[in-house]
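Undergrad: Okay, predicted coordinates and the sequence, questions at the end:
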Amino acid sequence: MTDNQDNALTYARHGACIFPCREADGRNGKAKAPYLAGGFHIASTSEMQVRSWWANWPNAIVGLPCQPNGIIAIDADCHGQEDGVAAYLALSHLHESAANSAPDVATPRNGHHYLFRRPKELGETKGKIAPAIDIRDRAYVIAAGSVMSNGPRYSLQNGSIELLAAAIGSATLPELPDWLSALVAKPTPGKNTATGYAAPPRFTPAGDVRRRLTGLVRAVALAPPGERNAMLHWGACRVGELVQAGLITEEAAFAMFVEAGSSAGLSTRETIATVKSGVAKGSGSAHHGR
């Protein structure tokens, strides 16, 4: 029995529906594509069916459908200048949400899949929440434990495959948190659709300070390359206004946005200079010789 077949049977035994995917590029398809014409739509929990599939394709990796298993996956990639993993970790830290509170699967190309139970009330979802952070909802991911033909593995970073398979089969994965649900949900007509960099949150004198800070830091974290320093300065100016209003200390504002700039990939020296300038401008201290 191959490692991938054993892995497939572990998921099926615990009630997670799966299907076989290609472990390498070939004449009939690319790596990670389904072996079956029906793809994830004909995934099964039947051990007999799984044994039959893996008898045909003994080295197949395990495809894990999302919605049929009640899963929604955050797919953070690292490619080019984009670092979706760092951006996701920055967002999690901002919302005081431990990134390792949900199953974390390291992919062969330095990305990570974070697996959550899909909230029943969650409607249509976006395809992505940032340039390098995709949402896997009406699709599938490659299951933890799968081994590609050339050796790289989808490696579970916390817990065990047995526990993960059992949590999927019994629908007891950690549920997608509210702050993340708000990010992945498609806007509905008539609602404010401003999220991330596309339409930065505006400063208003009323409202919850934490919500405003969350929006400001998120805008910095998700800004595209080439515009991150400008967005950091904009955010620092807005938080400077909060300082001027007495809603946050200058020290706390400075620390928060230096961290946000660093998480967005800016150098420490550049970040400190930009934040110092922006907070001073927003708080009015730049006009008083401070």
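TA: Right, received. Where do you want to start? Keep in mind the model is a prediction, meaning the values are calculated, not measured.
Undergrad: State the mean pLDDT of stretch 55-65.
TA: In this model, stretch 55-65 carries a mean pLDDT of 97.
Undergrad: and stretch 40-51, which residues are buried?
TA: 40, 43, 45, 49-50 (16 or more other CB atoms under 10 Å). Yep, even glycine has a C-beta here, placed from its N, CA and C like the rest.
Undergrad: Check stretch 66-75 too.
TA: 66, 68-75.
Undergrad: closest to residue 153 among the buried residues of stretch 40-51?
TA: residue 50 (19.5 Å; CB to CB).
Undergrad: My understanding was that the closest one contacts residue 44; is that so?
TA: Yes. Look at residue 50 against residue 44 with CB atoms under 8 Å: they come within range, at 6.6 Å.
Undergrad: Find the residues that touch each one of those two.
TA: Contact with both residue 50 and residue 44 is made by residues 12, 18, according to CB atoms under 8 Å, 6 or more residues apart in numbering.
Undergrad: thinking again about what came up before, I'd like to know which of the buried residues of stretch 66-75 are part of strands.
TA: Under the assignment DSSP state E, the buried residues of stretch 66-75 contribute 71-75 to strands.
Undergrad: which one of these is nearest residue 215?
TA: For these, the nearest to residue 215 is residue 74 (19.3 Å; CB to CB).
Undergrad: ok, that closest one - contacts?
TA: Taking CB under 8 Å, 6+ apart as the contact definition, residue 74 lies against 88, 113-114, 116, 133-136, 180, 184.
Undergrad: any chance of the ones in strands among the buried residues of stretch 66-75 in TSV, with pLDDT and distance to residue 157 too?
TA: As requested, those are exported to TSV (pLDDT from 0 to 100; distance: CB to CB, whole Å):
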residue	pLDDT	distance to residue 157
71	97	17
72	98	18
73	97	14
74	96	14
75	96	15
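Undergrad: would residue 87 count as being in a helix?
TA: Yes. Counting by DSSP: H, G, I helix; E, B strand; the rest coil, residue 87 is found in a helix.
Undergrad: pretty sure it is touching residue 132, no?
TA: Yes. Contact criterion CB under 8 Å: residue 87 and residue 132 qualify, at 6.8 Å.
Undergrad: Give the residues shared as contacts by those two.
TA: residue 76.
Undergrad: Any idea how many residues pack against the closest residue in space to residue 146 that isn't next to it in sequence?
TA: Once flanking residues are discounted, residue 146 sits nearest to residue 61: 3.7 Å by CB to CB, 6 or more residues apart in numbering. Counted with other CB atoms under 10 Å, residues neighbouring residue 61 total 26.
Undergrad: ok, residue 61 to residue 106 distance?
TA: The spacing between residue 61 and residue 106, counted by CB to CB, to the nearest Å, is 15 Å.
Undergrad: Below-threshold pLDDT in the stretch 1-150 of the chain: ranges please.
TA: Within the stretch 1-150 of the chain, the segments meeting pLDDT under 70 span 81, 94.
Undergrad: can I get the ones in strands among the buried residues of stretch 66-75 in JSON lines with distance to residue 2?
TA: Below are these laid out as JSON lines (distance: CB to CB, whole Å):
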{"residue": "71", "distance to residue 2": "24"}
{"residue": "72", "distance to residue 2": "29"}
{"residue": "73", "distance to residue 2": "25"}
{"residue": "74", "distance to residue 2": "29"}
{"residue": "75", "distance to residue 2": "26"}
